[in-house]
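Peer 1: sharing a sequence plus its predicted fold:
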Amino acid sequence: AGPCDIYSSGGTPCVAAHGTTRALYNSYAGPLYQVKRGSDGATNDIAPLHAGGVANAAHQDTFCAGTTCLITIIYDQSGHGNHLSQASPGYFIGPDSHGYDNLASAIGAPVTLNGEKAYGVFISPGTGYRNNAAKDTATGDEAEGLYAVFDGTHYNNRCCFDYGNAEVSGNDTGNGHMEAIYFGDLTAYGTGAGSGPWIMADLENGLFSGFNAKNNAGDPSIIYRFVSAAVKGGANKWAIRGGNAASGPLSTFYNGTRPNARGYNPMSKEGAIILGIGGDNSHGSQGTFYEGVMTSGYPSDETENAVQANIVAAKYTIAPLTGGPELTVGSSISLRATTACCTTRYVTHTGSTVNTQVVSSSSPGALKKQASWIVRTGLANSECFSFESVDTPSSFLIHDNFVFVLRSNDGTKALHEAATFCPQPGLNGKGNSIRSWSYPTRYFRHYNNVLYAASNGGVHKFDNPASFNDDVSWVVSAGFA
Ligand code: AHR
């Protein structure tokens, strides 16, 4: 059985079921998600390998070979038509064209389930999915249950990495107008024990960790790579539960009456569905979503425990984030452009500016050093890499507003994330394309001889799709210095 078969047996059927990694019903063989590729804008649906099975990741890999792909739709498997697509502008305007939020890269969150490869939804700041016309989800004070599987190591302290029930308008319409699972370490509202991240409930104008509007020590910091997070709400009762999605049971972090703040009892749920954003389209947050559902009715703990056992049995494990010619930690490398204009140009820095310059073995020693980079273990993710300047120790290649700069490692999470990159086979077939870990739609790209973190066809000039594949493909060689 799948999670939604279990919820049905418990008398609280799924009214929304989203999973890019697997079917959530034993009999479900329809599409899980849709991808759109950069080369020609064509779309394709990715289905499970068989009814009830893991997603056909090989289909995506074939369709997206030699180009980029975005996740355009996350289909509702419940039959209620509650699909998630690119979030439209709300009170906050998104960064993509016409104020929409960005779409997620289709390759930012590779995993395996029982040994079979699949992809989650890696939400960078600015990315979000939404359905403002969802049907049969809870409204008003009606009861519902929610669970989701997240990456417990991918989060931040901005509003609000949510999955669940929100306003149909994209505006903050008041306390109690949302009921979504939140995951992260934002401390402006509620907090739990330790320094986070925490599973909380976003009930609008507040992330709640229990009865008190601020701190509730019963809500622990989460340490798991794969996290099961559950929130449920009914008439003057609600609960937060969570656990390790790869082993063991769920624990109850709160189970009691609605919080001691005005406007949350009774609730005024509106029934829209959000993923990766706040109710008002706040989009500063980040996180990774693998699967999740919304139910009709208040699921029992026993039902949720059985769902947790089902998630554990799906055996989520990490899959490689990198590919292509291998990089060796500790070695010095140089990175040569492969676009026809520029095949003698290398990634170089001039002070803090990062550009491409013509470099050769007969160049001055100072220039050779400026074009040489020591491969380091990724500062934000040890499966990927960071690049330290040979002539300016402890300064790294980072992107700031998607423009590369050389910056000293100040030890902050923000800098570490902006300095972490995952190489993959070059999109034009040569060398490596070097993807940002934290913004996996974005790659090292030279544009007018300046280095950017560019996406294929985004809103910036440097996102220009013309010659994108060539501009993001680099031949890695031993460093000049
Ligand atoms: O409740 C926290 C956030 O506050 C909501 O997600 C958003 O709508 C508002 O800014």
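Peer 2: Perfect, thanks for sending it.
Peer 1: for residue 316, which residues make a bridge with it?
Peer 2: Assessed by DSSP bridges, residue 316 has beta-bridge partners residue 113.
Peer 1: which residue comes closest to whichever residue of the stretch 151-300 of the chain sits closest to the ligand once chain neighbours are left out?
Peer 2: Closest to the ligand within the stretch 151-300 of the chain is residue 278: 2.7 Å, counting by CB to the nearest ligand atom. Any C-beta I mention is one placed from the backbone N, CA and C, and that applies to glycine too. Spatial nearest neighbour of residue 278, chain neighbours left out: residue 160 (3.8 Å); criterion: CB to CB, 6 or more residues apart in numbering.
Peer 1: how close does residue 396 get to residue 251?
Peer 2: Applying CB to CB, to the nearest Å, the value for residue 396 to residue 251 is 39 Å.
Peer 1: and these two? which has more neighbours close in?
Peer 2: Just comparing residue 396 and residue 251: by other CB atoms under 10 Å the higher neighbour count belongs to residue 396, 23 against 14.
Peer 1: tell me the secondary structure at the more buried one.
Peer 2: Taking DSSP: H, G, I helix; E, B strand; the rest coil as the rule, one finds residue 396 in the strand state.
Peer 1: residues in contact with stretch 448-468?
Peer 2: By CB atoms under 8 Å, 6 or more residues apart in numbering, the surrounding residues in contact with stretch 448-468 are 38, 67-68, 95-97, 102, 339, 342, 345, 347, 353-357, 397, 399, 402-404, 427, 436, 439, 441-447, 471-472.
Peer 1: number of residues surrounding residue 340?
Peer 2: Residue 340: 8 surrounding residues under other CB under 10 Å.
Peer 1: which parts of the stretch 251-400 of the chain sit against the ligand?
Peer 2: Contact residues, the stretch 251-400 of the chain versus the ligand (CB under 6 Å from any ligand atom): 278-280, 282.
Peer 1: now intersect those with the strands, please.
Peer 2: Applying DSSP state E to these, no entry is found in strands.
Peer 1: neighbour-wise, which one of those leads?
Peer 2: Per-residue neighbour counts (other CB under 10 Å) across those peak at residue 279, which has 32 neighbours.
Peer 1: pretty sure it sits against residue 167.
Peer 2: Yes: between residue 279 and residue 167 there is a contact under CB atoms under 8 Å: 4.8 Å.
Peer 1: which neighbours do these two share?
Peer 2: Common contacts of residue 279 and residue 167 (CB under 8 Å, 6+ apart): 90, 177-178, 204.
Peer 1: who wins for most neighbours among these?
Peer 2: Ranking the shared contacts of residue 279 and residue 167 using other CB under 10 Å puts residue 178 first, with 30 neighbours.
Peer 1: check contacts around that residue.
Peer 2: Residue 178 sits next to 162, 164-167, 202-204, 269-270, 279 when contact means CB under 8 Å, 6+ apart.
Peer 1: cool, residue 105 as well?
Peer 2: Residues in contact with residue 105 (CB under 8 Å, 6+ apart) are 68-71, 122, 435, 440-441.
Peer 1: could you save these as JSON lines and add columns showing distance to residue 331?
Peer 2: Output for these, formatted as JSON lines (distance: CB to CB, whole Å):
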{"residue": "68", "distance to residue 331": "28"}
{"residue": "69", "distance to residue 331": "31"}
{"residue": "70", "distance to residue 331": "33"}
{"residue": "71", "distance to residue 331": "34"}
{"residue": "122", "distance to residue 331": "28"}
{"residue": "435", "distance to residue 331": "20"}
{"residue": "440", "distance to residue 331": "24"}
{"residue": "441", "distance to residue 331": "28"}
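Peer 1: and those residues, which of them are buried?
Peer 2: Among the contacts of residue 105, those buried by neighbour count (16 or more other CB atoms under 10 Å) are 68-71, 122, 435, 440-441.
Peer 1: which one of those residues is nearest to residue 293?
Peer 2: Ranked by distance to residue 293 (CB to CB), the buried ones among the contacts of residue 105 are led by residue 71 at 17.9 Å.
Peer 1: spatially nearest residue to whichever residue of the stretch 1-150 of the chain sits closest to the ligand (excluding sequence neighbours)?
Peer 2: Nearest residue of the stretch 1-150 of the chain to the ligand, counting by CB to the nearest ligand atom: residue 91, 7.5 Å away. The spatial neighbour of residue 91 that comes closest, neighbours along the chain excluded (CB to CB, 6+ apart), is residue 280 at 3.9 Å.
Peer 1: what's the answer for residue 98, then?
Peer 2: Nearest residue to residue 98 in three dimensions, chain neighbours excluded: residue 89, at 7.3 Å (CB to CB, 6+ apart).
Peer 1: just to check, residue 218 is in contact with residue 193?
Peer 2: Yes: applying CB under 8 Å as the test, residue 218 and residue 193 come out as touching, 7.5 Å apart.
Peer 1: determine which two of the residues of the stretch 251-400 of the chain next to the ligand are furthest apart.
Peer 2: 279 and 282 (7.8 Å).
Peer 1: now list whatever residues contact both of these two.
Peer 2: residue 160.
Peer 1: tell me the SS of residue 444?
Peer 2: The local conformation at residue 444, judged by three-state DSSP, is strand.
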